[in-house]
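> Pasting the sequence and the predicted model now:
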Number of protein chains: 2
Amino acid sequence: MRVRVGIVGCGTVGTGTAELLLKNGHLIRKKTGLDIVLTKVADVDWERPRSFEVPHHLRTTHYTEVIEESDIVVELVGGKGFAKQVILEALEKGKHVVTANKHLLAEDGKEIFLKAQEKGLWIGFEASVGGGIPIVKALREGLSANRILNIYGILNGTTNYILTRMLEEDMTFDEALAEAKRMGYAEADPSLDIDGWDSAHKITILATVAFGKFFPFGSVHVEGIRQVDLLDVELGKELGYTLKLLAICKRVDSEVELRVHPTFIPSEEQLAKVSDVFNAVMVEGDFVGKTMFYGRGAGSHPTASAVVADIIDIARNIAGGIRALHPFYWEEEELHISSNFYSRYYLRLDVPDRPGVLAKVAQVLGDNGISIASVLQKEKVCRMAGREGQSVIPLVLLTHKAYEKQMRKAIEEIKNLPMVEGHPVLIRVEEEKL
Amino acid sequence: MRVRVGIVGCGTVGTGTAELLLKNGHLIRKKTGLDIVLTKVADVDWERPRSFEVPHHLRTTHYTEVIEESDIVVELVGGKGFAKQVILEALEKGKHVVTANKHLLAEDGKEIFLKAQEKGLWIGFEASVGGGIPIVKALREGLSANRILNIYGILNGTTNYILTRMLEEDMTFDEALAEAKRMGYAEADPSLDIDGWDSAHKITILATVAFGKFFPFGSVHVEGIRQVDLLDVELGKELGYTLKLLAICKRVDSEVELRVHPTFIPSEEQLAKVSDVFNAVMVEGDFVGKTMFYGRGAGSHPTASAVVADIIDIARNIAGGIRALHPFYWEEEELHISSNFYSRYYLRLDVPDRPGVLAKVAQVLGDNGISIASVLQKEKVCRMAGREGQSVIPLVLLTHKAYEKQMRKAIEEIKNLPMVEGHPVLIRVEEEKL
């Protein structure tokens, strides 16, 4: 069975995908019995250097040629405008689609998935989350017997690299970002990564797969790592926690918490040990318990591995004559996005070094129903912050679980206490469920 | 579409599978559009207590009733004799099969897979390796575009629990085994686990999936952890290594190393951090690079998650009218089992505390083409071994990579040195590729 594949967009991932199809085509034929043939690759610029030379007879500058000559169209343009046009045109012409476009799927996924469903066509998007890690397949198939309870992901390599350098080498955020740029791990404009948007796109896609429901992207709570202070990374380490940019999808009764923010997790947890540019996703299901999937979350070759896995799956379905008829959108139950998270908190305040301050702060927290789990030893904090003998020192405490609204109210009151200087630092802490 | 499922063998996993199908059946219907119905469960003893009560109308003591009334027969009897009969009879009668039986598949898999193929029937065996971790699916589908290079697995929860207790709490092997029994993690006769056979069964199955070739089980090199001395666990820790019972499937040119043995791995590696009863499999593919899959490797619910994932996959194929025609046995290339491993080594000898001994040992190693990477400081070793001031002390060294045959020859010569007392301890060290 011969299946024709064309690629639109020959950047890093497009080049890797062409390379994989050409280099491992023979192996894939042996493994699957399928003859997957790369027929055309479209890009507007064939002059720029690439890590693999796409044979001349496969090159074109017209994406419509790719759609015309393929059974499966691989969209690797990225972004929302033109990429969306390519996908919708391909579907309109009866072609199956594979894409790595998290931005588009997280924001306009509903329109695209419903169009594919209406046409009975397959749409593969494994490469949109976690690079080479087969996490979408795991959620849809490997763990399909489970009610998914929670997903915790380290889904962005750039930010994980930066936080790893801060933790392990005491770099400030700016120093670590500069190094990430030097290493080619951060783009010239890194805001999509470091402000959390990339992670937010990915967790939205995973939430859709896990719960069979499209969540509006605007409802995801997103905070990045730009404001992270090295001092808090180090104080957290003292307390036994590692700071990660965690993407969280958490079921609490009939609500779902969807959020991305710097998070302290216990340093002995498997997720805390995911360092550098690696990604990992921890999934908890009602029967399987905790599972974790780990690997390279980006890069030409790992992402191509995911793209071609999707191509093979769709080619199998084409060969078997199976149309994609069952709705992707199954919505297990009425699940609403929660806006009032329930979590533990790490709180750091700048206060004068005199008796009674802690009592005052504790009272405000207590009045708001928040109880303190532990207070970090003053001498240690002062030493780490370089504030020995100063009159204003950092007060660090860890709370028990509390609702975010209560916590925010308490913070407002604490900020208004006459002895508190500057802006308190608040970092969420996740444990137990990880 | 209605698909009938029957279970033969209602032990821990059978009970969990029945529970899952009955509790999450509605959810699975919503997710997949498939009506998967549990029609019958066979067991010889319905009196013994179970964690979940199988409804009376589903119970039978005749496995033939299960085969008769099912489209998919789930074999959860275990062992080789009767289980094999059930599977072969089911296939003969045109029924698809799901099994968790690693013992049977590792030893007689070829006969069973070829029979299923001949009949165009599906056989699911996700639950045979790694409990709830969807590792078989990852190798067959998620990473299908890759040439698989290496697989490193912590595939047995009992031994990992024992080694974790030894490492973290300085227990001896016997103490840790006793605790594993108390916790219900080790069976009364734990030899299948602690002597490495269970891990060997599982790595044989993964090797078959990865390379499309049936390797004779007898050709797997198997060593267990019964002889592991706490002293070596602690000395390894000093050197920055963690001792694990590692199942290894490693491609070296046109040969495959298939082996299970206690192995030192660098403590900062992700696999080294897999503790207690958890399992993990690290897979390296030519495009995806390193990936890791982690979760509970045993237990009623996690294993049921894998069994039912297979049931859902096969039910989808039944609904789509897809027969299993493509051979499971695709054999990418001529791959032979290697008998001469290439690895680094940790060596501990009991020698008299006098000058010239190290020089003598180093000379024997050198004569055999083995070079020493490092020697552990004498005082530290003596202190840890409680041999301060004694005349016979442990000498610990780490070699560079060498062929096993050379190493064994060197060890024979070293044993014959007049100053060496007792039997040298030799532990393989894996790094770089992990």
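Here it is on my side, so go on.
> Helices of the stretch 301-434 of chain A, start to end?
For the stretch 301-434 of chain A, applying DSSP state H, counting those that start in this stretch gives helices covering A:357-367, A:378-385, A:404-415.
> Just name the most buried of those helices.
Most buried of those by mean neighbour count (mean count of other Cβ atoms under 10 Å in any protein chain shown) is helix A:404-415; its value is a mean of 17. For every residue, glycine as well, the C-beta is placed using N, CA and C.
> so how far is residue A:304 from residue A:298?
11 Å (Cβ to Cβ, to the nearest Å).
> Give me the more crowded residue out of those two.
residue A:304 (32 against 21; other Cβ atoms under 10 Å in any protein chain shown).
> Hmm, residue A:24 and the more buried one touching each other?
No. The criterion here is Cβ atoms under 8 Å, and residue A:304 misses it with residue A:24 at 9.8 Å.
> How about residue A:62, nearest residue that isn't a chain neighbour?
Once flanking residues are discounted, residue A:62 sits nearest to residue A:42: 6.3 Å by Cβ to Cβ, 6 or more residues apart in numbering or on different chains.
> which residues sit in contact with that neighbour?
A:6, A:7, A:8, A:9, A:10, A:60, A:61, A:62, A:63, A:65, A:66 (Cβ atoms under 8 Å, 6 or more residues apart in numbering or on different chains).
> Could you give the bridge partners of it?
When bridges are called by DSSP bridges, residue A:42 pairs up with residue A:8, residue A:60.
> Domains in chain A, by residue range?
With domains defined by automatic domain parsing, chain A comprises A:2-132+A:300-320, A:148-295, A:342-429.
> How far does the first one sit from its chain's centre?
By that I understand domain A:2-132+A:300-320. 22 Å (Cα atoms, centre = their mean, to the nearest Å).
> That one: end-to-end distance?
Distance between the two ends of domain A:2-132+A:300-320: 12 Å, counting by Cα to Cα, to the nearest Å.
> tell me the mean pLDDT over it?
In this model, domain A:2-132+A:300-320 has a mean pLDDT of 96.
> ok, now the shortest one?
Domain A:342-429 comes out with an average pLDDT of 93.
> before we move on, the earlier item: for chain B, find the nearest of the helices of the stretch 301-434 of chain A.
Smallest distance to chain B across these (Cβ to the nearest Cβ): 23.9 Å, for helix A:378-385.
> what's the neighbour count on residue A:51?
By other Cβ under 10 Å, 10 other residues sit near residue A:51.
> Correct me if wrong: it contacts residue A:15.
Yes. The criterion here is Cβ under 8 Å, and residue A:51 meets it with residue A:15 at 5.9 Å.
> what residues are shared contacts of these two?
residue A:300.
> any idea how far residue A:185 lies from chain B?
Using Cβ to the nearest Cβ, to the nearest Å, residue A:185 is found at 15 Å from chain B.
> Likewise for residue A:392?
Taking Cβ to the nearest Cβ, one finds residue A:392 at 38 Å from chain B.
> Identify the bridge partners of that residue.
What pairs with residue A:392, by the bridge criterion (DSSP bridges), is residue A:352.
> I'd like the domains of chain A as CSV, with distance to residue B:147 appended.
Formatted as CSV, the domains of chain A follow (distance: least, Cβ to Cβ, whole Å):
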stretch, distance to residue B:147
domain A:2-132+A:300-320, 6
domain A:148-295, 16
domain A:342-429, 42
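> Spell out which parts of the stretch 101-250 of chain A neighbour chain B.
A:126, A:132-134, A:137-138, A:141-147, A:212 (Cβ under 8 Å from any Cβ of the partner chain).
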